[in-house]
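> pasting the sequence and the predicted model now:
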Amino acid sequence: MAEVDRLLERLPGRDAPPMELNVQAQILERAHDVLVDALSSVDKS
């Protein structure tokens, strides 16, 4: 899933400065939504 990969690339790596937790949460929530939508579309097939 390219969109999930793009979202996860926005998260800081090990050596990167920390990111605000609410920003991390928003990114992870969006990635979760994309995955749920993908699973939902598979279920409908």
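Done, it's in.
> okay, and the most centrally placed residue in the chain sits in which element?
Nearest to the mean C-alpha position of the chain, by Cα atoms, centre = their mean, lies Ala31 at 2.6 Å. Assigned by DSSP states H and E, Ala31 falls within helix 21-44.
> which residues are contacting that helix?
1, 3-4, 7-8, 10-11 (Cβ atoms under 8 Å, 6 or more residues apart in numbering). Placement of C-beta: from N, CA and C, glycine included.
> now these: which count as buried?
Neighbour-count burial (16 or more other Cβ atoms under 10 Å) applied to these gives Leu7.
> burial measure for Gln26, as a count.
Around Gln26 there are 13 other residues, counting by other Cβ atoms under 10 Å.
> follow-up on the earlier one: in the helix holding Ala31, which residues are buried?
For helix 21-44, burial by neighbour count (16+ other Cβ under 10 Å) applies to 27, 31, 34.
> pLDDT on it, on average?
Throughout helix 21-44, pLDDT has a mean value of 95.
> when you give positions from now on, start the count at 44
Shifting the count to begin at 44 puts that one at helix 64-87.
> export that helix as CSV, just CAs?
The C-alpha trace of helix 64-87 is given here as CSV (Å, rounded to 0.1, in the frame of the first residue of the first chain):
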residue,chain,number,x,y,z
LEU,A,64,2.8,12.8,19.9
ASN,A,65,-0.5,14.3,18.5
VAL,A,66,1.1,14.5,15.1
GLN,A,67,2.3,10.9,15.3
ALA,A,68,-1.1,9.8,16.4
GLN,A,69,-2.8,11.6,13.4
ILE,A,70,-0.4,9.9,11.0
LEU,A,71,-0.9,6.5,12.5
GLU,A,72,-4.7,7.0,12.6
ARG,A,73,-4.8,7.9,8.9
ALA,A,74,-2.7,4.9,8.1
HIS,A,75,-5.1,2.8,10.1
ASP,A,76,-8.1,4.2,8.2
VAL,A,77,-6.4,3.5,4.9
LEU,A,78,-5.8,-0.1,5.9
VAL,A,79,-9.4,-0.5,7.2
ASP,A,80,-10.8,0.9,4.0
ALA,A,81,-8.6,-1.6,2.0
LEU,A,82,-9.8,-4.5,4.1
SER,A,83,-13.4,-3.4,3.7
SER,A,84,-13.1,-3.2,-0.1
VAL,A,85,-11.7,-6.8,-0.1
ASP,A,86,-14.6,-8.0,2.0
LYS,A,87,-17.0,-6.6,-0.5
